[in-house]
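**Q** Here's my sequence, what's the structure:
(2 chains)
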Number of protein chains: 2
Amino acid sequence: MAQLLPSALVDAIEELGRLPGVGARTAERYANFLLKADVRTSEKLAAAINNLHTGVKSCPVTFALIDAEEDVSSLYSDSDRNKQLVAVVEEPLDIIALERTGQYNGTYHVLGGAISPIDGVGPEQLHIPELLKRLKDDAVEEVIIATNASVEGESTALFLQRHIIDEGIELKMTRLARGIPVGVDLEYADQITLSHALEGRRAL
Amino acid sequence: MAQLLPSALVDAIEELGRLPGVGARTAERYANFLLKADVRTSEKLAAAINNLHTGVKSCPVTFALIDAEEDVSSLYSDSDRNKQLVAVVEEPLDIIALERTGQYNGTYHVLGGAISPIDGVGPEQLHIPELLKRLKDDAVEEVIIATNASVEGESTALFLQRHIIDEGIELKMTRLARGIPVGVDLEYADQITLSHALEGRRAL
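**A** The predicted structure is shown next:
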């Protein structure tokens, strides 16, 4: 391969291939696209990637991603945000999904993952102590455990629930509703989702 | 969005989203991966992308991709390459596929695409005049038209075939064999492939 392709191209394919889910063929496709495109496309992409680590940091309170020059996430510091309501999510980008609903005026807490022994992620790697501190300091009234609907997300939710009770913190704990997604026909819903939908049925 | 995510992250997602087949979600995933990974990963990726255009150029004879400091593709200039045999391919990376077979000692000619009126690609955008010049200059004996098995690839092959005849260039013209790929059961082969396989059947 090294003699067949220019080394600059081999390098680009190798580095692009480190992106998640990108195999050799996809990396070749990306590199080929960049080579054929205007040089400005590559320059802008390289600059954006270079600025990523310097321009972004974690909010020290919520662990949301914030501009490097900000102190605290505006989703925490804004006065119209209800600090007594905290949604606990796994990853920073989960915040975007909840914000897009336009229905939520509470604050967020990013755990930084979910408990997953198989990946070597234990509770000690997650931002749980900081959450407990916030729950006390801000006299939080409700915590919405909005971890993913995966095995890891569910385990993490259970762990958090027990941990909060063990710490003697008294507040309302909730979990996002499970049910049939909008636009999905009943016949296509999987049975676990359908069981949740039955269990959580609402009076009309 | 701009207020929800740090601008450096928004930039990176936007630029990554320009890669072919990468939507907003995939771009978010890539950016998130880079943020979580060591800063060296981003630096190396950015450097590789930056070096792509400066480190790579087109061979003036074969239009294969070569190192910026090379004059001509080594797949053309090497003395053990048969210059009287030319495989015509659509894209530079097609060369790799043929080289991997280890069965080919001829040279290559990259057209730079295929004729596709719908994408606005006509014969005049392809490296066809340079091919005709080579066929004459190198007294080529056989040209293997190795364009893709797509509608565009087939049209391009037909166009080339007629063009070479019209130019009065006398040589053997061949096309890669069509048939059932290795490892594919007869029952799963599509009928066009199977027709080709029947048509091109070989005596035992």
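
**Q** Run the contact check for the strand ranked longest in chain A versus chain B.
**A** Secondary structure of chain A per DSSP state E: the longest strand is strand A:82-89. No. For strand A:82-89, no contact with chain B is found by C-beta under 8 Å from any C-beta of the partner chain; the gap never falls below 13.0 Å. The C-beta positions use only the backbone N, C-alpha and C, and glycine is treated the same way.

**Q** Tell me the strands beside that strand, with direction?
**A** Sheet pairing of strand A:82-89 (DSSP bridges) gives strand A:106-110 (parallel), strand A:142-145 (parallel).

**Q** Check which residues of the following helix or strand past that strand are buried.
**A** Of the helices and strands lying after strand A:82-89 in sequence (DSSP states H and E), the nearest is helix A:92-100. By 16 or more other C-beta atoms under 10 Å in any protein chain shown, the buried positions in helix A:92-100 come out as A:92-96, A:98-99.

**Q** now swap in stretch A:136-147 and tell me
**A** A:138, A:140, A:143-147.

**Q** which of those lies closest to residue A:7?
**A** Comparing those against residue A:7 with C-beta to C-beta places residue A:147 closest, at 44.4 Å.

**Q** returning to that earlier point: I'd like to know which of the strands paired with strand A:82-89 lies nearest to residue B:30.
**A** Nearest of these (C-beta to C-beta): strand A:106-110, 19.0 Å.

**Q** could you check the angle strand A:106-110 makes with the next helix or strand along the chain from the closest one?
**A** Of the helices and strands lying after strand A:106-110 in sequence (DSSP H and E), the nearest is helix A:128-137. Following axes from the mean of the first three to the mean of the last three C-alpha atoms, to 10 degrees, one obtains 160 degrees for the angle between helix A:128-137 and strand A:106-110.

**Q** circling back to that earlier point, CA atoms of the longest strand of chain A as CSV?
**A** Extracted as CSV, the C-alpha positions of strand A:82-89 are listed here (Å, rounded to 0.1, in the frame of the first residue of the first chain):
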residue,chain,number,x,y,z
ASN,A,82,-35.1,26.2,37.7
LYS,A,83,-32.1,25.0,39.7
GLN,A,84,-34.4,22.8,41.9
LEU,A,85,-35.0,20.6,38.9
VAL,A,86,-32.1,18.5,37.5
ALA,A,87,-32.1,16.2,34.5
VAL,A,88,-29.3,13.7,34.8
VAL,A,89,-27.9,12.6,31.4
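
**Q** Show me the contact partners of that strand.
**A** Contacts to strand A:82-89, defined as C-beta atoms under 8 Å, 6 or more residues apart in numbering or on different chains, come from residues A:76, A:95, A:98, A:104-111, A:131, A:134-135, A:138-147, A:160.

**Q** rerun at 7 Å
**A** The contact list for strand A:82-89 (C-beta atoms under 7 Å, 6 or more residues apart in numbering or on different chains) reads A:95, A:98, A:104-111, A:131, A:134, A:138-147, A:160.

**Q** What are the buried residues along that strand?
**A** Per 16+ other C-beta under 10 Å, strand A:82-89 contains these buried residues: A:83, A:85-89.

**Q** Which parts of chain A belong to which domain?
**A** Here the domain parsing of chain A from automatic domain parsing is A:7-54, A:81-175.

**Q** For the residue nearest to residue A:111 when sequence neighbours are not counted, grab the count of nearby residues.
**A** The spatially closest residue to residue A:111, leaving aside those adjacent along the chain, is residue A:126, at 4.4 Å (C-beta to C-beta, 6 or more residues apart in numbering or on different chains). Residues near residue A:126, counting by other C-beta atoms under 10 Å in any protein chain shown, number 22.

**Q** now swap in residue A:80 and tell me
**A** 5.

**Q** That one and residue A:140, how far apart?
**A** Distance, residue A:80 to residue A:140, by C-beta to C-beta, to the nearest Å: 17 Å.

**Q** and if you look at residue A:158?
**A** When distance is defined by C-beta to C-beta, residue A:158 is 19 Å away from residue A:140.

**Q** again, but for residue A:159
**A** 18 Å.

**Q** Report the contact partners of residue A:96.
**A** Applying C-beta under 7 Å, 6+ apart, the residues near residue A:96 are B:4-5.

**Q** which ones are touching residue A:169?
**A** If you count contacts by C-beta under 7 Å, 6+ apart, residue A:169 has them with A:132, A:135-136.

**Q** What helices and strands are in contact with the least confident helix or strand in chain A by mean pLDDT?
**A** Ranked by mean pLDDT, DSSP states H and E, the helix or strand of chain A with the weakest confidence is helix A:191-199, at a mean of 83. When contacts are defined as 3 or more C-beta pairs under 7 Å, 6 or more residues apart in numbering or on different chains; DSSP states H and E, helix A:191-199 packs onto no helix or strand at all.
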